[in-house]
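> Model the structure of this input:
(chains A and B)
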Amino acid sequence: MNSGILAEMEKIVGARNLLSRAEDLVLYEYDGSVEKARPEAVVFPSSTRDVVAIVKLAVQRDVPIVGRGAGTGLSGGALARGGGIMLAFGRMNKILELDFENRRAVVQPGVVNFDLTRAVEHAGFYFAPDPSSQKSCTIGGNVSENSGGPHTLAYGVTSSHVTGLELVLPNGEVKRIGGKLSDPLGYDLCGLLVGSEGTLALVTEIVTKLSKKPEAIKTLLAIFETVDDATETVTELTARAITPAACEMLDGWTLGAIEDYVHAGFPRDSGAVLLIEIEGIAEAVAGQALAIDEVCKAHHAREVRTAKDDQERELLWKGRKTAFGALGRLAPSNYVLDAVIPRSKLPQALRRVVQIGKESGLQVGNIFHAGDGNLHPLVLFDPRKPEEFREAVRVSEEIVRYCVSIGGALTGEHGVGMEKAELMTLMFSEADFALMRRVHAQFNPTGLLNPGKVFPMGKGCGETRVRTSPLASHAPSAVPA
Amino acid sequence: MSAPAGVSGAAAATAKLESVVGSEFVRSTAGGITEYAIDGVAPKLVVRPQNAEQTAETVRTALEEKLGVIACGARSAVGVGMPPTNYDLALDMTRVTGIASYDAGDLTISVNAGMPLSELARVLAEKKQFLPLQVPFFERATVGGAIAAGLDSPLRHFYGAPRDFLIGAEFVDGTGAQAKSGGRVVKNVTGYDFHKLLHGSLGTLAVITRLNFRTYPLPVARRGFLASFADDLAALAFANEVGASALTPIVLEMLSPECAGLLFAQYAPFASFCAAQNRREWTVCLGFEGSGEVCERYAKELSRMAREAGAQNAVTMHDEQFAALLEILREAPVAMRDAAAEAVVMRFAALPSQLADLLRAVRSFAGSSWMTAPVLVRGGSVMYLALLPRAGDETALRQMEYFWKSVGSLRGKLEFRGSLVFAAAKWKAALNVWAHVEFDSEMERRVKKAFDPNGVFARGRFVGGL
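Residues are numbered from 1 along each chain as shown, chains lettered A, B, ... in the order given. I've put the predicted structure just below:
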């Protein structure tokens, strides 16, 4: 990047909010995925005004811009695929307003997801989207990727919890859409913008809903000898219209790794467990717990254990949410997949995932949101062995293709990003892309905002299929958050 | 559509359209087909395609022939919005009907746009499921029309808006291409969520051909509770207390005395409840669901809270009574419209914290007119208000204009939006349907331009003149 632009950016944000040395930039060429792309400069704006100034400068100099929260994303969404400037929102991290009466919060994009819950829990509220990375990921990132989490089974992904946004368009204009009111003004633009993966606008302020804490919560751990028994339990729970707030599955191999890491109280000798949470008024929770117990036992659950107190409950969830970190101890790197299947097809899908893993010779673990059919197969590999990395990518792609072939979707909560841009053709036709491109062109006509994401790069490019190994250069390996 | 079709153009268009859908499914009359008229504007052509392909072909023909298109289902809510400025062809989607696929075990369903909501409800009920899209004109409305019109459901208080359960859509865009978004799984963030834009878009973006929904299990029991209070503030205080409690009712509505009288008069179980009230009392209607134990807890706690809040009268309703109440509340905006020959029904979206102020202000504006003004408050953040002029009142327009202008005086003081849901064409022109929806429509224009670059769909009907 030429020194003229760097000097101008320094004027805007100050030297301490600008990185341009190679040794600093290398930290920003990763997110939680296996993708890699290095920005030419990283800027930390502290206000919407900074963002506008940087965007105008970038457009003037024809330099790409990408927004970034905490970099915990798992699809390469916040990587500078086109080089250029990375706007890292970590310092725009103020909670601007808490409005309990209207159940709204107004936050800057760099506010950490869990910090919002911490700020409102004293009043009996919480922020519902709860990705595994919630203690580090930002709400701006959640908005961009339309993030989910275990409890989105009951409460929906991020878009169900955002009513207003302040945006900076790629021409530097500031726009507000929606607000605190629950109805959209005109078209539901928040519905379009949330999950648009930073390809239409940069988000500088967010109005979120605050959810009321339930009266009662019960966390059940159902232990099974086989993966089949666990998946069939989930299918029957859905078919019997039992709707827990969260229903997570962890396979036996994964449980061992978690126990070595956090001692969450999971069994080491089971085929799989279901971690099921029920919320609501006490009578409803008690009734659902009985029904769930019955279904689990009908599917040969060895034991259905109820967390006896908050401490045990938190420990079980800690085990679930640090699972990816735990697996980082078993292999130098891993590839966390995200795909969705119809819930009735969970048993056959899991069998296929296990089979694909076995055929490849790579270890594949399964820790996922079973209740909504959102699979997260996790492929372990050693990035120092390029053939192993290529095989991990191939295995992942085979699994995603299979999920789509049985009526599923490419991504349930991680986004398309760089990772799945080429696979979009599995779900969408040329006419679908034509409309997506027209919308994209209306908001981001120069294409300078987050280039190379969501849309396939085109025939013959195949860039994502011949990715370089994360260790092809001097960079450290990626461990998803 | 810069140039409307001339007579010879219309003949050519008719011939083309007949070759697309069959001559028995094209009607054309130079003078206009009155049963498809919207606000007095009648189209010269009605086309009834059988499937998405024919729909796309019809749109492409309309583009070639420079015809303005408005898609419709049962036409029950087609009057929502401003009068059309360019309406040559009515695209009647009622033949594009039926269930495309129903995966009851997955709690998902894919439905063609022309399927009536009531028929869909029966299919779902066979599997003990339902869709929380309990909108006005339920017995007639089609699922595509319901999404395009964007009218409210009383179940929205608990189950959310279609944004929360519409998981995918197929549609024909303004270039005549068949496109889609979302999918048929309950969790999916692949690609842009265009289906969310379709809700409430009044057919200005695309013609919906198919919709995919997440469905919900029918509860074991679904019951209700009615309580009446001395005035609006006491009723609001009770509703707020319920909202702040651990209870999560599925319905929470508040009716002014005029509204309760209007809605309940025809229904025996509620008429007696109303008769026991004096003319100033406000009614709070609650619904709750779950197991027998859960419903008992609700009934007990609501009775206690109502007593402590000074309820004049309170009654718990069993399942059948609640089903009747839900139907009444669902159709309430229609009942308000039908209560006078030239009624105007308005909808306000407000912040819960400012609802009392907004309510007091609009009631006071209405009070200075001769018109009766029933009010229904939905879920603490939406308010319907009808102005019911007396037959033959020649001052009605002046009174309405005064009311609507007075509402404008609240802007800047309160955060709200107000629009007309139902009104005669002459009122719409005088009052402007979207007068109190203040926003910069530039972003919406970008969306409209991308979806409908030639302006073929429903021009002029949407907020911002779109």
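
> Spell out which parts of the stretch 51-200 of chain B neighbour chain A.
Counting by Cβ under 8 Å from any Cβ of the partner chain, the stretch 51-200 of chain B comes close to chain A at B:103-108, B:128-129, B:160-161, B:163-164, B:173, B:175, B:177-181, B:183-194, B:196-197, B:199-200. The C-beta positions use only the backbone N, C-alpha and C, and glycine is treated the same way.

> Where helices are concerned, which of those count?
Judged by DSSP state H, these include B:Phe194, B:Lys196, B:Leu197 as members of helices.

> List the residues that contact the first one.
Looking back up the chat, that one is B:Phe194. For B:Phe194, the contact set (Cβ atoms under 8 Å, 6 or more residues apart in numbering or on different chains) comprises A:Leu192, A:Leu435, A:Val439, B:Ala169, B:Phe171, B:Ala179, B:Ser181, B:Gly182.

> Pull the distance from the longest helix belonging to chain B to the chain's centre.
In terms of residue count, the longest helix belonging to chain B (DSSP H) is helix B:292-308. What separates the centre of helix B:292-308 from the centre of its chain is 31 Å, taken as Cα atoms, centre = their mean, to the nearest Å.

> Please point out which parts of it sit buried.
Neighbour counts using 16 or more other Cβ atoms under 10 Å in any protein chain shown place B:Glu293, B:Val294, B:Cys295, B:Arg297, B:Tyr298, B:Ala299, B:Glu301, B:Leu302, B:Ser303, B:Met305, B:Ala306 of helix B:292-308 among the buried residues.

> pLDDT averaged over the helix or strand just after that helix - what is it?
Under the assignment DSSP states H and E, the closest C-terminal helix or strand after helix B:292-308 is strand B:313-317. Average pLDDT, strand B:313-317: 93.

> The residue positioned nearest the centre of chain B and B:Gly455, how far apart?
Centroid-nearest residue in chain B, with Cα atoms, centre = their mean: B:Leu151, separated by 1.1 Å. In this view, B:Leu151 and B:Gly455 are 25 Å apart by Cβ to Cβ, to the nearest Å.

> Find the least confident helix or strand in chain A, judged by mean pLDDT.
helix A:323-327 (a mean of 83; mean pLDDT, DSSP states H and E).

> Low-confidence ranges, chain A, go.
For chain A, the stretches with pLDDT under 70 are A:459-481.

> rerun that using 50 as the cut-off
Applying pLDDT under 50 to chain A flags the ranges A:459-466, A:470-481.

> for the spatially closest residue to A:Val112 that is not a sequence neighbour, what are its contacts?
In space, and not counting its chain neighbours, A:Val112 is closest to A:Thr138: 5.9 Å by Cβ to Cβ, 6 or more residues apart in numbering or on different chains. By Cβ under 8 Å, 6+ apart, the residues touching A:Thr138 are A:Gly69, A:Ala70, A:Phe89, A:Gly90, A:Asn93, A:Pro109, A:Gly110, A:Val111, A:Val112, A:Asn113.

> what about 6 Å?
By Cβ atoms under 6 Å, 6 or more residues apart in numbering or on different chains, the contact list for A:Thr138 reads A:Gly69, A:Ala70, A:Gly110, A:Val112.

> Which segments of chain B make up each domain?
In terms of domains, chain B is parsed into B:1-218+B:442-466, B:221-330, B:333-431 (source: automatic domain parsing).

> Now do the SS call for the residue most central in space within chain A.
In chain A, the residue lying closest to the centroid (Cα atoms, centre = their mean) is A:His414, at 3.6 Å. Under DSSP: H, G, I helix; E, B strand; the rest coil, the three-state class of A:His414 is coil.

> doesn't A:Val336 make contact with it?
No. A:His414 sits out of contact with A:Val336 when judged by Cβ atoms under 6 Å, with a separation of 7.9 Å.

> intersection of neighbour lists for the two?
Listed as contacting both A:His414 and A:Val336 by Cβ under 6 Å, 6+ apart are A:Leu74.

> Let's see the helix or strand containing B:Gly418 as CSV, backbone CA atoms only.
Element membership of B:Gly418, judged by DSSP H and E, is strand B:416-422. The C-alpha atoms that make up strand B:416-422 are tabulated as CSV, following Å, rounded to 0.1, in the frame of the first residue of the first chain:
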residue,chain,number,x,y,z
PHE,B,416,-44.1,5.9,16.2
ARG,B,417,-45.4,5.2,12.7
GLY,B,418,-48.9,5.5,11.5
SER,B,419,-50.4,4.3,8.2
LEU,B,420,-53.9,3.6,6.8
VAL,B,421,-54.7,-0.1,6.6
PHE,B,422,-58.2,0.2,5.1
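
> Against which helices or strands is it packed?
The contact analysis (3 or more Cβ pairs under 6 Å, 6 or more residues apart in numbering or on different chains; DSSP states H and E) places strand B:416-422 against strand B:344-350.
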